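> with the sequence up front, the predicted model follows.
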Amino acid sequence: MKPPKFEYHAPKNLEDAIAALGRYGGDAKVLAGGQSLMPLLNFRLARPAALVDLNRVASLAYIREQDGQVRFGAMTRQRTIEFSPVVAERLPLLKEATRWVGHLPIRTRGTIGGSIAHADPSAEYPAVLAALEGEVVARGLEGERVIRAAELFQTYLTTNLAPDEILTEVRLPVMPAGAGYALEEFSRRHGDFAIIGIAAVVVRSGQRCTMARLATAGAGPVPVRLRAAEQILEREGLGEAALDAAARKATELVDPDADIHASADYRRHLTGVLTKRALMRAIGVARG
Amino acid sequence: MSVGLPRLVGARVARREDPRLLTGQGSYVDDHRPARMLYAAFLRSPHAHARIRGLDVSAALALPGVAAVLTGEDIARSSKPVRAASKTPNVKTTSYPPLALGKVRHVGEAVAMVAAESRYVAEDAVERIVVDYEPLPVVRDVESALDPASPVLHDEAETNLLVSREFARGDVDAALAGAAVVVRERFRFHRHTPVCMENRGCLGEYATASGALTLRSSAQCPGLVRDVLADLLDIPEHLIRVIANDVGGGFGAKASLYPEEIATCVMARRLGRPVKWIGDRREDLLATTHAWDEIVDAELGLDQDGAIVGLRAEVTVDVGGYSIYPWTAAIEPVQTISFLPGPYRVPTYRGRTRGVATNKAPLGPYRGVGRPPAVFVIEGLMDRAARRLGLDPTEIRLRNFIRDEDFPYKSPSGVVWDRSSFTESLRRAREALDYKAARDEQARARGAGRWVGIGIASYVELTGIGSAIPVSPGMPVSTGTEAATIRFDPAGKVTAVFGVASHGQGLETTLAQIVADEVGVPIEDVRVVHGDTDASPYGTGTYASRSLVLAGGAAILAGRSVREKMLVIAGHLLEADPADVALADGRYAVRGMPDRSVTVRQIARAAYGGAKQLPKGLEPGLEATRFYDPYYGTASNATHAAMIEIDRATLEVKTLRYVVVEDCGRMVNPLIVDGQVHGGVAQGIGAALLEEIVYDDQGQLLSGTLMDYVVPSACEIPTMEVHHVETPSPVALGGFRGMGEGGTIGAPAAIANAVADALAPLQIEIAELPVTPERLFRLIGKARA
Amino acid sequence: MADLVTVRLKVNGVEHEGRCEPRKLLVDFIREDLALTGTHVGCEHGICGACTILFNGEAARSCIMLAVQAEGAELVTVEGLMRDGKLHPLQEAFREHHGLQCGFCTPGMLMTALDFLRTNPAPSEREIREGISAVLCRCTGYQGIVNAVRAAAPVLAAER
């Protein structure tokens, strides 16, 4: 299982990277961490004319707090995120989610930008981006734009990035102080992609819920924001009945696919189960 | 004052293999790169069933760096097709060409072979080969295969029913008709594959001047491969050398002769250059032999006290597209009915089996062969009977076990159990689990609404089989013998050479332990050579839990021969009657006079030191080659006890405790025995909960990556508690019994029974493995409806 | 040929240079161009972990990296673990606790365990299992490996 031939570019700066992409008119692929793209190349399922390797663009790896957001250069390694004090304090949901991303050696190379641009709906980072209502910055030949999570993911492995655009930054709003959070995931084996995963954020005031955010992994072609379930909690609070109602609503909001591991019905069932579990854990962590 | 040598057999000796394997100095096939070597890649069929109307390799040949391309027609000119002919009736032989000839019969079947300057270029070239396929209707499962309207895969067989066999004893129909209780079930054990961490591969070199062929292969049976290659390639046997150095796992997957091995030899001979093929994981999942794909309709009849009166079963095995060499397609179907009666007294029996060809990869041996499904069936029936009769599952087994006074016991299929410890193993398993406390814990958990279950599986397996019984009934090769050569050098160090081929089970250590004890040297002074047909006396390889029994027995015989001569030489050196000399504490001394002794080194030096050092007329040298055939086999048994919990919401099964009490006779190295149990149980748990080979209706493999064929990681496997009973074999020299396969034989049944026990309040039985969360979701949904 | 790239890197403390196609996988470069065959190829899609090496001190899967990406990097492979001809304490622990059988996953398992223990020097059994779940083994059932890592952890922690 060896890759097919491709032309290889390892630009040192972003402008050269964009220019290289542009030259191939959509027939070049960006190589970030490689943890998703390289297997596709080895299977010869991806056959780009060229690879534009971003690993030499030093300016793309950073974590900084700005304007109520934590901003990650796209090439920031998942491993760096896992051990980052800023992330631990400002985005604890992201830190928890990172521990579910494959295994440590995968996180050594995998990047936040790559994971989100790859847009595998079974992956953890797209679900977190959706739950936290984050956004990404993309830059191409035409310039730069900001894309919200809700618009970014189109379907399996597909974003609305143009062929010449590179995802350069991921921005996540700082989580409210005292917010509860959890990522609940079910997979066949530790470290595998989620059959179903639920990212949850809860801000409470006693038994009242001032904010709830729920997003899925593995429940369809893109991460699904379970807005109607969130609203149940925001309306009815955090008692058992409201949690059950939210979990039930979650199962109605998803239209999962089937594969050899799980049917749509079972995925739907898991959505309800994990929504409740995620909420209970999030509530347990929440202060207020 | 001499320092006593510890008795090595029975000791937890650290492995001789480890230093090189731990430091990256192993010698696997892919580690070899002789000069001028070419790399091979195979074009594999994308169709499950199709005629090949034409092949155009010109574009591939035109690619720079490509040395040659071979097709089925090319191979047919240089090699006979492989035919695993069976000596038993009702086993059809199929012609298995190394590269498809005229027709493909499973997705992934090799169609053409490229040799190029790198694997990268070879794969580029493979993509340029154009094949004109005429798709044929796909025979997707055994039901459609037996439908007269379906195409027949092999014209010469005239049917897709490749194997039929029956074993019977007494009138089981009458017994079941009159039984107080009959439990019945249709069991389904889905298709699995061994997944060795090292993919298959081989390196062929042909010396044009001498006509000598050398094949390095990641293989379990170098002797077997050498013998058959001689016939297929028309090269004299003594000019063929097959070497299996370090092999990264076998489990039966590497016990068969493979098309790629033959094609590599043909390519190497054609080009006069070394040719290496290393399979990738995609090829492994597509084309390494699969396993255990069975449907079993079985009925167990018992009297009111829970004593078995009869067992009746119809077994149907999906054997895939070809009958493999040398085991034949009969191996899985026939082993299942041979061992279905298990460790029980079964007065009447009928086991009927069919092996049916379909458009899937061929079935071959995988750790346990036939017995993982068989034990799943009989142990599942025993539990059903226990529930029906209100008996504890351990109690019903104890009532039916073959007892001490019954040995030797002839089972209904004709297998003779020499002597084993079924009752003791089960009793000790109960103790180790603290059975009463475990049941109390289960009751408390149930009260709290948790689904906790305890599952028991007891089994017996025939190991160390000599020539009385072929490892696979009717197979064309004799497997009952192994040999050992023990050779001293003048410095007193020993080289011990065997025809077996270790691939993880530590034979370099255990055989060294036996040899060292026999001749009285420290283990550091013994070097074991194996897996090289040039070095070894006749042998076949390592499979079927035979190596320690057969090679160990040969080692004992060869050791005795050498020791006899050492006593003669020692007597001469000590001016004593050899009958008065004995080996004690690493020295050869006159009995009762420890100061009158000589060292091994002195004896060895004398053996090669010329006539003056030796008694008159004694031939110089100090070595012996002996052959051992135990003739029969010897029983190994175990009881597995699993405690599991099903997460009521996600339906994930977690293993809380896993206990094994096993009896493999006299243990040579308990460290290695434990390791074999651990590894086998892990594969068995994987088989029960996670792993499944899935094809769609068009014969396309859906489980084609390691994401889709899910082998367990360390998080999915519990800590295992392993205990040993040692009943020395009355049949095998040394008292040894084989035991490498037990883990996969017992674990699927133990897990299945534990899951069923957890779901007993819902009256859900487990009849299908793997029992995945998805399957549990369906079963529970149905039960609640 | 115009499409070859040069790769300069340090492996086990020694500087190396090679030339290869950009598509050449790092694991193949290590095994062929550097003739270090201790790192093994198990799956070529990043699941089995047999190819794991230390890349600038951190465990990474070399079957899903390109050799050219190692330009300027420092690698440690299993061949670099021995100290003055003696087994590394982790290797010693694997030997003592029967943490290997066929040996094929072992190099990947060692490098993964080393990196894991650096991030978690006193792990629980649960954590050890999670840490080594990155590498698949078909022979040992993991028990010997868990025992070996547990035994080696305090030895390695004491060294730091």
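Done, it's in. Numbering: from 1, shown residues only, chains lettered A, B, ... in the order given.
> contact partners for the residue of chain C at minimum distance from chain B?
Chain B sits closest to residue C:38 of chain C, with a gap of 1.8 Å, by CB to the nearest CB. Placement of C-beta: from N, CA and C, glycine included. Residues in contact with residue C:38 (CB atoms under 8 Å, 6 or more residues apart in numbering or on different chains) are B:23, B:24, B:25, B:26, C:77, C:78, C:79, C:107.
> list the contacts of the second one.
Each residue near residue B:24 by CB under 8 Å, 6+ apart is listed here: C:36, C:37, C:38, C:39, C:77, C:78, C:79, C:107.
> nearest to residue A:121, out of those: which one, please.
Taking CB to CB as the measure, residue A:121 lies nearest residue C:39 of the contacts of residue B:24, at 33.3 Å.
> the closest one: how many residues sit nearby?
A count of nearby residues for residue C:39, using other CB atoms under 10 Å in any protein chain shown, gives 25.
> shouldn't it be within a strand?
No - the assignment for residue C:39, made by DSSP: H, G, I helix; E, B strand; the rest coil, is coil rather than a strand.
> quick one: it and residue C:31 touch, right?
Yes - using CB atoms under 8 Å, residue C:39 is in contact with residue C:31, at 6.4 Å.
> on that earlier part again, so which of the contacts of residue B:24 is the closest to residue B:30?
Nearest member of those to residue B:30, counting by CB to CB, is residue C:37, at 7.3 Å.
> so that closest one makes contact with residue B:31?
Yes - with contact defined as CB under 8 Å, residue C:37 and residue B:31 form a contacting pair (4.0 Å).
> more crowded one of the two?
Taking other CB under 10 Å, residue C:37 and residue B:31 do not tie; residue C:37 has more neighbours (22 against 18).
> that's a strand at residue A:51, yeah?
Yes - under three-state DSSP, residue A:51 falls within a strand.
> tally of neighbours for the closest residue to it other than its chain neighbours?
Using CB to CB, 6 or more residues apart in numbering or on different chains and skipping residues adjacent in sequence, the residue nearest residue A:51 is residue A:31, 4.7 Å away. Residue A:31 has 24 neighbours, counted by other CB under 10 Å.
> check which helices and strands the helix or strand containing residue B:516 sits against.
Under the criterion of DSSP states H and E, residue B:516 resides in helix B:507-519. Where contact means 3 or more CB pairs under 8 Å, 6 or more residues apart in numbering or on different chains; DSSP states H and E, helix B:507-519 is packed against strand B:482-488, strand B:494-498, strand B:526-529, helix B:547-574.
> with mean pLDDT, mean neighbour count and distance to residue C:22 added, can I get those in JSON lines?
Formatted as JSON lines, the helices and strands packed on helix B:507-519 follow (pLDDT from 0 to 100; neighbours: other CB atoms under 10 Å in any protein chain shown; distance: least, CB to CB, whole Å):
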{"stretch": "strand B:482-488", "mean pLDDT": "98", "mean neighbour count": "26", "distance to residue C:22": "50"}
{"stretch": "strand B:494-498", "mean pLDDT": "98", "mean neighbour count": "25", "distance to residue C:22": "47"}
{"stretch": "strand B:526-529", "mean pLDDT": "98", "mean neighbour count": "20", "distance to residue C:22": "43"}
{"stretch": "helix B:547-574", "mean pLDDT": "97", "mean neighbour count": "24", "distance to residue C:22": "46"}
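> tell me which of these lies nearest to residue B:688.
Of all the helices and strands packed on helix B:507-519, it is helix B:547-574 that lies closest to residue B:688, at 26.9 Å by CB to CB.
> one step back: now for the contacts of residue C:38, which pair is the farthest apart?
Largest separation among the contacts of residue C:38 by CB to CB: B:26 and C:77, giving 13.2 Å.
> what about the helices in the stretch 51-200 of chain B?
B:58-62, B:72-78, B:119-127, B:142-146, B:172-177 (DSSP state H, counting those that start in this stretch).
> please disregard the earlier target; I meant chain C.
Here chain C has its helices, by DSSP state H, at C:26-28, C:89-96, C:106-119, C:125-132, C:143-159.
> thinking again about what came up before, what's the closest of the helices of the stretch 51-200 of chain B to residue A:62?
Among these, the nearest to residue A:62 by CB to CB is helix B:119-127 (36.1 Å).
> got the residues of chain A near chain B?
Residues of chain A found near chain B (CB under 8 Å from any CB of the partner chain) are A:1-5, A:43-44, A:186, A:188-193, A:260-263, A:265-266, A:269-270, A:273-274, A:277.
> in strands only, show me those residues.
Secondary structure defined by DSSP state E assigns residue A:186 of the residues of chain A next to chain B to strands.
> list only those of the residues of chain A next to chain B flagged as buried.
A:1-4, A:43, A:186, A:188-193, A:261-263, A:266, A:269-270, A:273-274, A:277 (16 or more other CB atoms under 10 Å in any protein chain shown).
> can you tell me how far the residue of chain C closest to chain B sits from residue B:215?
Counting by CB to CB, to the nearest Å, the separation of residue C:38 from residue B:215 is 24 Å.
> skipping its backbone neighbours, what lies nearest residue B:313 in space?
residue B:298 (4.0 Å).
> who does the one helix or strand that neighbour maps to pair up with?
Per DSSP H and E, residue B:298 falls inside strand B:294-302. Paired strands of strand B:294-302, with direction, are strand B:181-189 (antiparallel), strand B:308-320 (antiparallel) (DSSP bridges).
> compare these and give me the one nearest residue B:757.
Taking those one by one with CB to CB, strand B:181-189 is closest: 15.3 Å.
> now the helix or strand just after that closest one: mean pLDDT?
Sequence order places strand B:201-207 as the next helix or strand after strand B:181-189, per DSSP H and E. Strand B:201-207 comes out with an average pLDDT of 98.
> and for stretch A:241-260?
For stretch A:241-260, mean pLDDT rounds to 97.
> how about that stretch and chain C, touching?
No - figure legend: stretch A:241-260 not in contact with chain C (CB under 8 Å from any CB); closest approach 15.9 Å.
> okay, buried residues for that stretch please.
Buried residues in stretch A:241-260, counting neighbours by 16+ other CB under 10 Å, are found at A:242, A:243, A:245, A:246, A:247, A:249, A:250, A:251, A:253, A:254, A:256.
> now, those residues that are in helices?
A:242, A:243, A:245, A:246, A:247, A:249, A:250, A:251, A:253.
> and the gap between residue B:317 and residue B:472?
13 Å.
> just residue A:138 next, same as before
Distance from residue A:138 to residue B:472, by CB to CB: 62 Å.
> can you pick out the residue with more neighbours from these two?
residue B:472 (28 against 24).
> part of a helix, is that one?
No - assessed with three-state DSSP, residue B:472 is coil; it does not lie in a helix.
> what's the burial count for the closest residue to residue B:245 other than its chain neighbours?
Leaving aside its sequence neighbours, residue B:245 sits nearest to residue B:27 (CB to CB, 6+ apart; 4.1 Å). Neighbourhood size, residue B:27 [other CB under 10 Å]: 14.
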